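Enquirer: Show me the folded form of this:
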Amino acid sequence: MSMHIKTGDEPSLTQQFTQFIVDQQFKDLSQEAIHAAKRGVLDWLGCALAASHHPTVEPLIEVLQENDSSPQATVMGRSFKLSHVDAPLVNGQMGHLLDFDDTHMGGVVLHASSPTLSALFSESERQKSSGQDFVLAYICGFEAGVRVGQSSPNHHAQGWHLTGTLGHFAASVAVGKLLKLNPQQLTYAMGIAGTQASGMQQNRGTSCKSFHAGRAGSNGLLAARLAMKGFNSSEEIIDGKRGFSRIYSQQSLPEKMTQNLGSSWEIERNGFKPYACGVVIHPAIDAMIEFKKSGLCEVGQVRKIEVFVNPIVLSITGTVSPVTGLHSKFSIYHSVAVALVDGRAGIEQYTDLKAADPLVTKVRDLITITSDETLGRDQARANIFWDGGHREINIECALGTVLHPLSDIDLQEKFIANAKACLSEDRAKQICNLVWQLDQLPSVQPILDLCQG
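Expert: Below is the predicted model of the structure:
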C-alpha cells in the first residue's frame, strides 16, 4: 500500500487537487477536451430523454411530488419541474437507467456524466450560467471523479458501484467550480460529498443501480452549496488515514489525485456506448454482430457458441438467465444471444419481453463463456459452430472505446434516435446544433427549454 503522510503545513493531496481546479480557466482547456465535453453532453441528454418516461422513474417522481418538491429545475423530457436538489436525482437516474451512457475506462469503469451533468444542468439553470462556464465545470468534475477512482484501484472489487460513489465527487467539484468556490470551500465540498458516497453492486439489475447516479448528482450539488454556506469537512477526504482511498479500497494510491495533473484531461479518454448494456460485454456483442453480417448461416443452424472474455466480464455480467430487461443488461449470455438473433443491442433488445423471447432463450443455452486473462476489457474472441461450418472472430478493440471511437455523426444519430422517444426529430436536431455550439452560448437555458416534454 502506498502511503502519503502529510507533514506540518503541507497541503493535503485533496487540497492540492482543489487548488488546481480553482485555478483553471476556460482558456486553459484543450480543444480536444472542449470537443469531448460537447460529445458527452449530447450523448447524456439523449440517454436521459430516452428513459424519461420509463416506468422505473415514476415512483421516484411521485414521491418527490408528494413531498412538494418546488418547481425550480427542468426534468428532462417532462412538462413539470422539481427543486434544484430533486431534479438531479431524477435526471441522473434517467441518464443511467438504460445503461447507454458514456463510460470512462482509464483505470476505472465510470459513467461520470450522469451524476455530473444532472447536477450541473440544475445549478446552471439557477445561476443562468454561460456555455463556457458549464463546459469548464463539467471537465473539472469529470477529472475529479476519475482521479478519485484511480486513487482507489480496488474500489470496484470491493463491491462498490463506482458511478454512485465516485459520482459524488464528480458532481460536487463540477457544481463547486460553477459556483466559483475558493480552494477551502471546494475542499470542503469534496469532503461533504465523500461522506455521502455510496452505491452497491449488489443492486445491479434493479431500480437502485440508476438511482445511484441520481443520488450522486443530487448529493454532489448539495455538498457544493453547503460548502459555499460555510459547512465544513475533513481537508484530507481522499488521502487521510481514514480517507476515501484507504477505506474504500484495499490498495490505496492517493498520489494519483495529483500525478501529472494538468498534462491532459481525463474527459479526452471518455468512451461512448453503441450498445445499451454493461460496457464490458461490448466486444462480445461486436463479435456476434460481425458474424450476423457475414450471412454464413441462419440463427437456427447454430449449434454452439464459445466466447472468451476478460475475467471481469463474468464477475460483472455473469447472469445466465435474466428475467427482466434491466437484469438482462448485465448478462453476457443474453447480450450475445440478442446480438446474434437481431444483429443489434439497442434499447429494444433489453426489455422484459426480449428477456423472455423463446428464440433468445434457446440461443442462450448454446453459449459457453470462458475467462481469459490474456484478453483486455475491450477485447473478445468467439467461435461459432453450425452445421458444416465454424468461424473464429477476434475483436481487438470494442466499438465506442478511445481507440475505436464513435464518430460525431454516429453520436448525433444515436442522440436523435434516443431523443425521439419523447421529442420531435426537428427539436432533437435543434438540440444537436446548440450542443455543438455550447461554448458559444450565453446560457444553457435554450437547451433545457428544448428538452422539456
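Enquirer: before we move on, what SS does residue 326 have?
Expert: helix (DSSP: H, G, I helix; E, B strand; the rest coil).
Enquirer: if I look at it, how far off is residue 396?
Expert: 30 Å (Cβ to Cβ, to the nearest Å). For glycine as for every other residue, the C-beta is placed from the backbone atoms N, C-alpha and C.
Enquirer: repeat for residue 134
Expert: Distance from residue 134 to residue 396, by Cβ to Cβ: 36 Å.
Enquirer: Which one of those two is surrounded by more residues?
Expert: residue 134 (27 against 14; other Cβ atoms under 10 Å).
Enquirer: what residue ranges in the stretch 351-453 of the chain score low on pLDDT?
Expert: By pLDDT under 70, the stretch 351-453 of the chain contains no weakly predicted segment.
Enquirer: my read: residue 335 touches residue 277, true?
Expert: Yes - Residue 335 lies in contact with residue 277 (Cβ atoms under 8 Å); the separation is 5.4 Å.
Enquirer: Report the set of residues contacting both of these two.
Expert: Contact criterion Cβ atoms under 8 Å, 6 or more residues apart in numbering; residues shared by residue 335 and residue 277: 285, 317, 328, 345.
Enquirer: what's the closest of those residues to residue 233?
Expert: residue 317 (35.8 Å; Cβ to Cβ).
Enquirer: Buried residues of the helix or strand hosting residue 245, list them for me.
Expert: Using DSSP states H and E, residue 245 maps to helix 244-247. Using 16 or more other Cβ atoms under 10 Å as the test for burial, helix 244-247 gives 244, 245, 246.
Enquirer: Can you lay out those residues as CSV showing distance to residue 295 and pLDDT?
Expert: Listed next are the buried residues of helix 244-247 as CSV, based on distance: Cβ to Cβ, whole Å; pLDDT from 0 to 100:
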residue, distance to residue 295, pLDDT
244, 51, 97
245, 51, 96
246, 54, 95
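Enquirer: Check those residues against residue 234 and report the nearest one.
Expert: residue 244 (9.9 Å).
Enquirer: Could you pull up the contacting residues of that closest one?
Expert: Per Cβ under 8 Å, 6+ apart, neighbours of residue 244: 148, 151, 152, 194, 197, 237, 238.
Enquirer: Apart from its chain neighbours, what residue comes closest to the first one?
Expert: The reference is to residue 148. residue 169 (4.7 Å; Cβ to Cβ, 6 or more residues apart in numbering).
Enquirer: any idea whether the one you found is helix, strand or coil?
Expert: Applying three-state DSSP: residue 169 is helix.
Enquirer: That one touches residue 220, doesn't it?
Expert: Yes - Residue 169 is within contact range of residue 220, at 7.4 Å (criterion: Cβ under 8 Å).
Enquirer: Specify which residue of these two has the higher count of neighbours.
Expert: residue 220 (37 against 34).
Enquirer: how close does the more buried one get to residue 13?
Expert: 20 Å.
Enquirer: who's sitting farthest from the centroid in the chain?
Expert: Relative to the C-alpha centroid of the chain, counting by Cα atoms, centre = their mean, residue 388 is the outermost residue, at 42.7 Å.
Enquirer: give the contact list for residue 72.
Expert: Taking Cβ under 8 Å, 6+ apart as the test, what residue 72 contacts is 81, 82, 83, 84, 87, 125, 126.
Enquirer: Now do the strands in this protein.
Expert: Remark: strands assigned in the chain by DSSP state E are 73-74, 81-82, 103-104, 270-271, 302-309, 367-371, 380-386, 389-395.
Enquirer: Packing partners of the last one?
Expert: Here strand 389-395 touches helix 282-294, strand 380-386, going by 3 or more Cβ pairs under 8 Å, 6 or more residues apart in numbering; DSSP states H and E.
Enquirer: Can you add mean neighbour count and distance to residue 370 and give the ones you listed back as JSON lines?
Expert: Listed next are the helices and strands packed on strand 389-395 as JSON lines, based on neighbours: other Cβ atoms under 10 Å; distance: least, Cβ to Cβ, whole Å:
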{"stretch": "helix 282-294", "mean neighbour count": "22", "distance to residue 370": "11"}
{"stretch": "strand 380-386", "mean neighbour count": "21", "distance to residue 370": "9"}
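Enquirer: Can I get the buried residues of helix 244-247 in TSV including distance to residue 115?
Expert: Below are the buried residues of helix 244-247 laid out as TSV (distance: Cβ to Cβ, whole Å):
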residue	distance to residue 115
244	16
245	19
246	23
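Enquirer: For residue 368, state which of these is nearest.
Expert: residue 245 (38.1 Å).
Enquirer: From residue 265, how far out is the closest one?
Expert: 21 Å.
Enquirer: Then residue 249?
Expert: 23 Å.
Enquirer: same question, residue 13
Expert: For residue 13 relative to residue 265 (Cβ to Cβ), the value is 19 Å.
Enquirer: and what of residue 109?
Expert: 19 Å.
Enquirer: Over to residue 48?
Expert: 23 Å.
Enquirer: hmm, back to that, just the buried ones from the contacts of residue 244?
Expert: 148, 151, 152, 194, 197, 237, 238.
Enquirer: which one of the residues you listed is nearest residue 63?
Expert: residue 197 (22.6 Å).
Enquirer: who are the neighbours of the longest helix seen in the chain, in terms of helices and strands?
Expert: In the chain, with assignment by DSSP state H, the single longest helix is helix 207-228. Judged by 3+ Cβ pairs under 8 Å, 6+ apart, the packing partners of helix 207-228 are helix 58-66, helix 86-97, helix 113-127, helix 162-178, helix 183-196.
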